[in-house]
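1. Here is the input, now give the coordinates:
(4 chains)
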Number of protein chains: 2
Amino acid sequence: MTRPTVNDIAEAAGVSLATVDRVLNGRPGVRDKTVSRVNAAIEKLGYVRDVTAANLARQRRYRLIFILPDAPALFVDTLREAIAESVSSSVADRTDVRIVTFPNDNPHALVKSLRALSADDTDGVAIFAQETPHVRDAISRLKADGVPIVALVSDLPNTERDHFVGIDNVAAGRTAGFLMGKFLGNTGGSVMVLVSSMQARDNVERRLGFDQVMSESFPAIEVLPSIENHDDEETTTRLVSEVLRKRPDITGIYSAGHGSQALVEVLRGYERRHDITLIAHELTKVTREALRDHLMDAVISQNVGHIVRSALRVLRAKSDGLDIVSSQERIRIEIVVRENLI
Amino acid sequence: MTRPTVNDIAEAAGVSLATVDRVLNGRPGVRDKTVSRVNAAIEKLGYVRDVTAANLARQRRYRLIFILPDAPALFVDTLREAIAESVSSSVADRTDVRIVTFPNDNPHALVKSLRALSADDTDGVAIFAQETPHVRDAISRLKADGVPIVALVSDLPNTERDHFVGIDNVAAGRTAGFLMGKFLGNTGGSVMVLVSSMQARDNVERRLGFDQVMSESFPAIEVLPSIENHDDEETTTRLVSEVLRKRPDITGIYSAGHGSQALVEVLRGYERRHDITLIAHELTKVTREALRDHLMDAVISQNVGHIVRSALRVLRAKSDGLDIVSSQERIRIEIVVRENLI
DNA sequence: ATTGACATGAGGTACGTACCTCATTTAGTT
DNA sequence: AACTAAATGAGGTACGTACCTCATGTCAAT
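-> Residues are numbered from 1 along each chain as shown, chains lettered A, B, ... in the order given. From the prediction side, this is the model:
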């Protein structure tokens, strides 16, 4: 009834504990025949390594680093909080987490941060940044040094990152488009789209997915060109006000970027606010309140807690040279309306 | 830099390891003054017990039981699969999970199963069932015996269960109502509502929430009385076909029960199927396909994986006499449309 | 001053695994 | 058969905590 241990395996396979240990930990000096005998015993007894005991014995610690921009968007703060929260629970996981922040508009600072890392003091890096040639090079160097790397939230597909932790942003944009279309009905009208930046891959992908669905399924609705706000409040306020004034036919607004604070504030002061369907990304203080206040209709979100935990799991696994079960690391695209707001 | 251990605490507090151990594990025979000295040292060094080492030493095992009906609804199968899956990973958590099934229509069998359990061989019970006086008594007995109990999916509020693991079903119904209203627009029409049984508390709560939102926000839409299908396919087929024939003004169907298989099949053969907005609960093979096929518009779901893991965490904590962080055990109400289907 | 109750210390073993050293056996080559 | 290299065994320590026993210390009541 009780769980088999290495000693049981040794006995069942008719070998010594040392040999079982060699097989289990892939150490050399065991004949193939013996290896299969041991593996057969493992199979037969249904042995599963006690990971906690193993880690205890191994005295393994994972030194992981999150690299984030200091973008003035609430979502980044939310992400940072989630990481900070994971730190407290990660003590039990033998994991030391450090957060490195770089100035949003300064790719050189990011590269400098990346250069400061090496396999000597780092077991894994999770990075939320845009892909530039310099970033590509820096990641390449880190990988060559043997440091596992995952991209966070916004993918870096042309780099040597091991994995991407985040939602499928094309699908997220499609989801937003689906809801926008269904909410607007067949009444026509036009939709304003805001993005943080057309350099931000996640934003571009969302826009792409949104457009796909709108043209496929809701051709009666006109989708306007993207407005880039560069996560800047003043810019947003100015541009949104302007478009709202010039285009009274606007019935929907899709905020595909990382923040919606300024947008929401403009709308609070807009008399036709209740005739506009507003869909944004990321559940934050601002979007929560906007949902509650009947100002916003839906939020497409990714659970930052899940993202952080997935990144930690993946980095630990990669650091141990283990494979990941990618189906278990998929981040869901969450739809939040005011009634399922937790 | 490295994490403090009990030995560091002993040294810092100027006491022996044995005394630290007594304090940490609440054993008697330590003066208050000494206790505070030790606690001060713990505070100062930021000591956190290494739970994995502790469990290893303690050789603690949790024997937990899930009690489920054999209802012919796909959702119950999904739940059962999630439990089975957790079994494999729970080996590492020193947890033995057993599933007990009782005939859906036979509350006496359920009571009998409950009676068979005792604190001698059970450290916790998670139960998905409806509340009846007999069930209440059986739970009362188990609690008196010191066995922690959580209600699963459908709450048992008038019993002595320690906790409820599942979604807020009123809010889930409200969410369904919100989407139904928004999708239908202001066109009026009427909505058919299906439930498994009006005895099932979760179903009743969903219906309640749905009605709240419909009357508050979408008064132009008529909501018909509930159709009870008792999770029976033939009944569903018959009743749904009949209502569809008699009421051609039906523009929406809300399936609040545990299964939607027969309903979906009827609709597949219904010529006006694309004029009907269909919203159901629980993501299963059937609802997935219906979403993909543009037959269903949204699914309100609860992540069975989360439910099972939460139940395991809560039962382990209760079994150790620990408090739970209820905010961490909240199960989200998920909205799934065809674009965010994973 | 003696007693007894209580508080504390010292030192051990155990949990399941990792990893080390050194001795011994086995297989393969000549 | 002798030799060598490789394979295996035996036995140890360590990780951080739990829990046990027994000895010794302290203090207050008698």
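2. Could you check how far the nearest residue to A:Ala317 once chain neighbours are set aside is from A:Asn55?
-> Leaving aside its chain neighbours, A:Ala317 sits nearest to A:Ile324 (5.0 Å; criterion: C-beta to C-beta, 6 or more residues apart in numbering or on different chains). Any C-beta I mention is one placed from the backbone N, CA and C, and that applies to glycine too. A:Ile324 sits 18 Å away from A:Asn55, going by C-beta to C-beta, to the nearest Å.
3. List phi and psi for the residue nearest to A:Ala317.
-> phi -110, psi 160 (degrees, to the nearest 10).
4. Correct me if wrong: it contacts A:Leu315.
-> No - between A:Ile324 and A:Leu315 there is no contact under C-beta atoms under 8 Å: 9.9 Å.
5. Okay, helices next: where are they in the stretch 101-250 of chain A?
-> A:107-115, A:133-144, A:169-184, A:201-217, A:233-246 (DSSP state H, counting those that start in this stretch).
6. Comparing these, which comes out most buried?
-> Comparing the helices of the stretch 101-250 of chain A by mean neighbour count (mean count of other C-beta atoms under 10 Å in any protein chain shown), helix A:169-184 comes out on top with a mean of 25.
7. List the neighbours of that helix that are in contact with it.
-> Residues outside helix A:169-184 that contact it (C-beta atoms under 8 Å, 6 or more residues apart in numbering or on different chains) are A:154-155, A:191, A:201-203, A:205-214, A:217-218, A:221, A:251-252, A:254, A:256, A:277, A:279, A:281, A:297-298, A:300, A:302, A:333, A:335, B:182-183, B:297, B:337-340.
8. quick check: angle from it to helix B:169-184?
-> 70 degrees (axes from the mean of the first three to the mean of the last three C-alpha atoms, to 10 degrees).
9. Now for the residue nearest to A:Ala317: which residues touch it?
-> Residues in contact with A:Ile324 (C-beta under 8 Å, 6+ apart) are A:His163, A:Arg313, A:Val314, A:Ala317, A:Lys318.
10. Just the residues you listed: which are in strands?
-> Per DSSP state E, strands hold the following members of these: A:His163.
11. what's the lowest-pLDDT member of the contacts of A:Ile324?
-> Across the contacts of A:Ile324, the bottom pLDDT score, 86, is held by A:Ala317.
12. What is the neighbour count of it?
-> Per other C-beta atoms under 10 Å in any protein chain shown, the neighbour tally for A:Ala317 reads 18.
13. Compile the contacts of A:Ile324 into a markdown table and extend it with columns for distance to DNA strand C.
-> Shown next, in a markdown table, are those (distance: C-beta to the nearest atom of the strand, whole Å):
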| residue | distance to DNA strand C |
| --- | --- |
| A:His163 | 24 |
| A:Arg313 | 18 |
| A:Val314 | 20 |
| A:Ala317 | 15 |
| A:Lys318 | 17 |
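14. Quick check: ChimeraX command selecting the buried ones in the contacts of A:Ile324.
-> Remark: buried members of those, expressed as a ChimeraX selection using 16 or more other C-beta atoms under 10 Å in any protein chain shown:
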select /A:163,313,314,317,318
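15. and chain A, what are its domains?
-> When chain A is parsed with automatic domain parsing, its domains come out as A:6-49, A:61-166+A:304-331, A:169-301.
16. Give me whichever of those domains is most buried.
-> domain A:169-301 (a mean of 20).
17. Low-confidence bits of chain A, can you list those?
-> Chain A contains residues with pLDDT under 70 at A:1, A:89-92.
18. Enumerate the residues of it near DNA strand D.
-> A:14-19, A:22, A:28-31, A:33-34, A:53, A:56-57, A:59 (C-beta under 7 Å from any atom of the strand).
19. let's go with 6 Å and repeat that
-> Residues of chain A found near DNA strand D (C-beta under 6 Å from any atom of the strand) are A:Val15, A:Ser16, A:Ala18, A:Thr19, A:Pro28, A:Gly29, A:Val30, A:Arg31, A:Thr34, A:Leu56, A:Ala57, A:Gln59.
20. ok, so of these, who is nearest B:Ala144?
-> A:Leu56 (38.0 Å; C-beta to C-beta).
21. mind checking which helix or strand that closest one is in?
-> Assessed by DSSP states H and E, A:Leu56 sits inside helix A:51-58.
22. so the helix or strand just after that helix versus helix A:107-115, what angle?
-> Moving toward the C-terminus from helix A:51-58, the first helix or strand encountered (DSSP H and E) is strand A:62-69. If you take the same axes, to 10 degrees, strand A:62-69 sits at 180 degrees to helix A:107-115.
23. what's the distance between strand A:62-69 and the middle of its chain?
-> Centroid displacement of strand A:62-69 relative to its chain, using C-alpha atoms, centre = their mean, to the nearest Å, is 13 Å.
24. Next: stretch A:142-152.
-> Chain-centre distance of stretch A:142-152: 16 Å, with C-alpha atoms, centre = their mean.
25. do the same with stretch A:319-331
-> That offset, for stretch A:319-331, works out to 14 Å (C-alpha atoms, centre = their mean).
26. Could you check how far the residue in chain A positioned nearest to DNA strand C is from chain B?
-> Closest approach between chain A and DNA strand C, counting by C-beta to the nearest atom of the strand: A:Ala57, at 2.7 Å. Here the criterion is C-beta to the nearest C-beta, to the nearest Å. By it, A:Ala57 lies 10 Å from chain B.
27. next one: A:Glu265
-> Distance, A:Glu265 to chain B, using C-beta to the nearest C-beta: 24 Å.
28. surely that residue meets A:Thr237?
-> Yes - between A:Glu265 and A:Thr237 there is a contact at 7.2 Å, judged by C-beta under 8 Å.
29. quick one: contacts for A:Gln199?
-> For A:Gln199, the contacting residues are A:Gln130, by C-beta under 8 Å, 6+ apart.
30. Equivalent analysis for A:His281, please.
-> A:His281 is in contact with A:Phe75, A:Ala172, A:Ala176, A:Arg206, A:Ser255, A:Ala256, A:Gly257, A:His258, A:Ser260, A:Val299, A:Ile300, A:Ser301, counting by C-beta under 8 Å, 6+ apart.
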